[in-house]
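[1] Next one to model:
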Amino acid sequence: MQASTKPNWAFEPNPRMGGAVGEAYTNTLASSGMHPAAVVAREAIQNSVDARAEENQKVSVDFVTRVLAGLEKKAFAKTAGLTAIRKRAEHLGFREPNCIDKMPDASEPLRLLYVNDHGTTGLKGDPFSSESNFYKFLLTLGDGGKELDEHGTGGSYGYGKSVYSANSGIQTIFAYSRTKDENGEPLSLLFGCGYYRKHKYLDKVFTGRAWFGLDQTPNAAGAQPVIEPLLNEAADHMASLLGFDSRAPDDLGTSVLIVDSLLTPEGILEGVEDWWWPRLISHKLDVRVFWEDGTEELPRPRKRDHLRPFLEAYDIATGKSPPNNKTQFQKTIGKNDGTLGLSVLKQEEDNGYAVRDDRIDAVALIRSPLMVVAYHRGWNVGSPVMAGAFVASGDVDLILRSSEPPAHDRWDHEARRLQDQTGAKRMVVERVLSGIHKTVKSSQKTASPPPPPKPKRLTFLERTLASLLTPSKSGTGQKPDVTAAPIHLTYDKEPHTAAEGDALRLAAVFSVRLKAEEASEPMRVRVKVTCPVIEDGSVGETLEVSCEADSMLEADPNDSEWMVFQLSPDKPTRFTCKTEKYDPLWTVRFIPEVEAVEA
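    Numbering: from 1, shown residues only. Prediction:
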């Protein structure tokens, strides 16, 4: 075969001894359980952090969304060789709809997502060597070489292609890198990859793997394809035609283009904030997200209510904020496995919590890349509920990294890479997770509030009710015995004021219940709530009071100021009341009254 001087797509014939099909590369991270945009944010930034130029180098990553239509779309499709893909599209297993289906329609937009990193080494090394980052990133799957790196990394090589291609409607990506070769000389390279379904085309079987580059396959029967990347000026020129941002000679880094992107800027931004906030707030990572119209937005995790409790716990774990040992706690796990920070979650006005339900009582697991591996909760939700952050020490970083699956979404003590004769590595992971569990539970015990005070009984009302409900003993000539009333009214939340503009509003919550030992049947009860203004010690006008109850209320036909309801012996009725706005100079008195309805 004559060596190609013009880049195009080449599809891999199915080798005689078999091999990985294209879908194997796309489906690796497909079942992580996370939102696809979050998976991309996690993996893309992790690849960049792992490739940082120096140990303490700040890495920057841009996510740029672009939409092409009309002549721009037509020009891109020609440059990217989409016609070659379209010829066999029906065999490649694309999801529908996709850009190939709509390619003839110039008005139908084509969505592109560029992920550009800076401050990294790029895809360094000899691109024709199996030891280069280019080879490991784009041509292999699951290379464990990262475990031998000098500084903490995210995991194995090769899974980046999976997360990128899985979020392309046609499973197609391009990579453009400005780096240095094995001799330290400047090097640009560009390469395209497609990871499709195994298929038959023109009576030949193909694995589904395809590459965009220069075809250098030997002219011999049965020779396996050799597709080389475009280098230097050819790479820079093709990158420009494909819409990549140009790079200066010293602007090292890698850019990945997802063709027919399925992601939204909103989803990416949320994913970055949710999983990379430790590195963002440590000022070791800059991220920008660009909308289709060029609008730029930065992640702001400290402004996200659902993240603040975990950031507070992280500050405690890292010593930035000292714990008060009442609602905030810090503890070293194991001898030196890491530090756990905990903070009691505050209830919102609706009695809920700012964090998601599945993150209540959860601990953010963090190690050296400063990505949240998981919001871990291996226990039943306790009381009071907490948010935590565990920061692993360098002593156990390698072991914890080895315990993570390809998605890096948990620490698994049963992971195959932890297996050794002594079982010591497995025990480290078990010790860490067990220590976190025990510390959460012991901290909750310390933070538990004291027993509530005994209910305040409204003795005057009880005595009144007792006189109404106790039968008289006629003929004895003696004063009847007074027994305790079977109705109790207790405050769940004492009357309190809240400012609303230049005025005040008073609110209270109380419950009405029956004594189980004295009333076994439901009872008809009526309630009245008033809030008079006290003027010079005397009662003045009465404020309007609105009340909501968890039982059905109806107006008393004999007195409209009273509301009647059915009180069960098994369940109290709860009232939530608030007044109209009033002058802050006024003194008011909240008066709830309750009594049995005469038969």
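[2] CA only for contacts and neighbour counts going forward, please
    Fine.
[3] Which parts of the stretch 201-350 of the chain are helices?
    For the stretch 201-350 of the chain, applying DSSP state H, counting those that start in this stretch gives helices covering 232-241, 265-281, 308-317.
[4] so how far is the one helix or strand Asp492 maps to off the chain centroid?
    Using DSSP states H and E, Asp492 maps to strand 487-500. From the chain centre to the centre of strand 487-500 is a distance of 37 Å (Cα atoms, centre = their mean, to the nearest Å).
[5] need the next SSE after that strand, C-terminal direction.
    Past strand 487-500, further along toward the C-terminus, the next helix or strand under DSSP H and E is strand 503-514.
[6] Just the residues contacting that next one, thanks.
    Here strand 503-514 makes contact (Cα atoms under 8 Å, 6 or more residues apart in numbering) with 486-499, 567-584.
[7] Could you find the closest non-adjacent residue to Glu273?
    With Cα to Cα, 6 or more residues apart in numbering as the criterion, Glu273 has its nearest non-adjacent residue at 5.4 Å, and that residue is Pro301.
[8] so who does the one you found touch?
    Glu273, Asp274, Trp277, Ile281, Leu307, Arg308.
[9] Over to Ser240?
    By Cα under 8 Å, 6+ apart, the residues touching Ser240 are Ser246.
[10] Please repeat the previous calculation with a cut-off of 10 Å.
    If you count contacts by Cα atoms under 10 Å, 6 or more residues apart in numbering, Ser240 has them with Ala234, Ser246, Arg247.
[11] Of the residues you listed, select the buried ones using a PyMOL command.
    Selection of buried members from the contacts of Ser240 for PyMOL, criterion 16 or more other Cα atoms under 10 Å:
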select buried, resi 234+247
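[12] quick one: stretch 192-204 to chain centroid distance?
    Distance of stretch 192-204 from the chain centroid (Cα atoms, centre = their mean) equals 36 Å.
[13] now stretch 374-382
    Counting by Cα atoms, centre = their mean, stretch 374-382 is centred 15 Å from the centre of its parent chain.
[14] try stretch 221-230
    Distance of stretch 221-230 from the chain centroid (Cα atoms, centre = their mean) equals 42 Å.
[15] what about it, how long is it end to end?
    Stretch 221-230 stretches 25 Å from its first residue to its last (Cα to Cα, to the nearest Å).
[16] What mean pLDDT does stretch 172-186 get?
    Stretch 172-186 shows a mean pLDDT of 93.
[17] And the strand or helix carrying Val49, what does it pack against?
    According to DSSP H and E, Val49 maps onto helix 36-50. Counting contacts by 3 or more Cα pairs under 10 Å, 6 or more residues apart in numbering; DSSP states H and E, helix 36-50 is packed against strand 59-68, strand 110-118, helix 160-165, strand 253-259, helix 265-281, strand 285-290.
[18] and the ones you listed, which one is worst for confidence?
    helix 160-165 (a mean of 79).
[19] Quick check: closest non-adjacent residue to Thr172.
    Thr172 sits nearest to Gly194 (Cα to Cα, 6+ apart), 4.5 Å away.
[20] distance of the spatially most central residue of the chain from Pro7?
    Centroid-nearest residue in the chain, with Cα atoms, centre = their mean: Asp274, separated by 4.4 Å. Asp274 is 40 Å from Pro7, where distance means Cα to Cα.
[21] can you pull the buried residues of the lengthiest helix in the chain?
    Criterion DSSP state H: the longest helix present in the chain is helix 424-447. Within helix 424-447, the residues that count as buried by 16+ other Cα under 10 Å are 425-426, 428-433, 435-437, 439-441, 443-444, 447.
[22] Now do it: which elements does it pack against?
    Under the contact criterion of 3+ Cα pairs under 10 Å, 6+ apart, helix 424-447 touches strand 328-333, strand 338-344, strand 363-366, strand 372-376, strand 386-392, helix 394-402.
[23] hey, least reliable of those by pLDDT?
    Looking at the helices and strands packed on helix 424-447, the weakest mean confidence is helix 394-402, a mean of 93.
[24] Quick check: buried residues in that helix?
    Neighbour counts over helix 394-402 (16+ other Cα under 10 Å) mark Gly394, Val396, Asp397, Leu398, Ile399, Leu400, Arg401, Ser402 as buried.
[25] May I see the helices of the stretch 201-350 of the chain arranged in CSV, with distance to Ile170 as well?
    CSV is the format used below for those (distance: least, Cα to Cα, whole Å):
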stretch, distance to Ile170
helix 232-241, 20
helix 265-281, 19
helix 308-317, 38
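[26] Give me the distance between Val59 and Arg524.
    According to Cα to Cα, Val59 and Arg524 sit 70 Å apart.
[27] More neighbours: those two, which one.
    Neighbour count, other Cα atoms under 10 Å: between Val59 and Arg524, Val59 has more, with 24 against 15.
[28] In contact with the more buried one, which residues?
    Contacts for Val59 (Cα under 10 Å, 6+ apart) come out as 45, 48-53, 117-120, 253, 279, 283-287.
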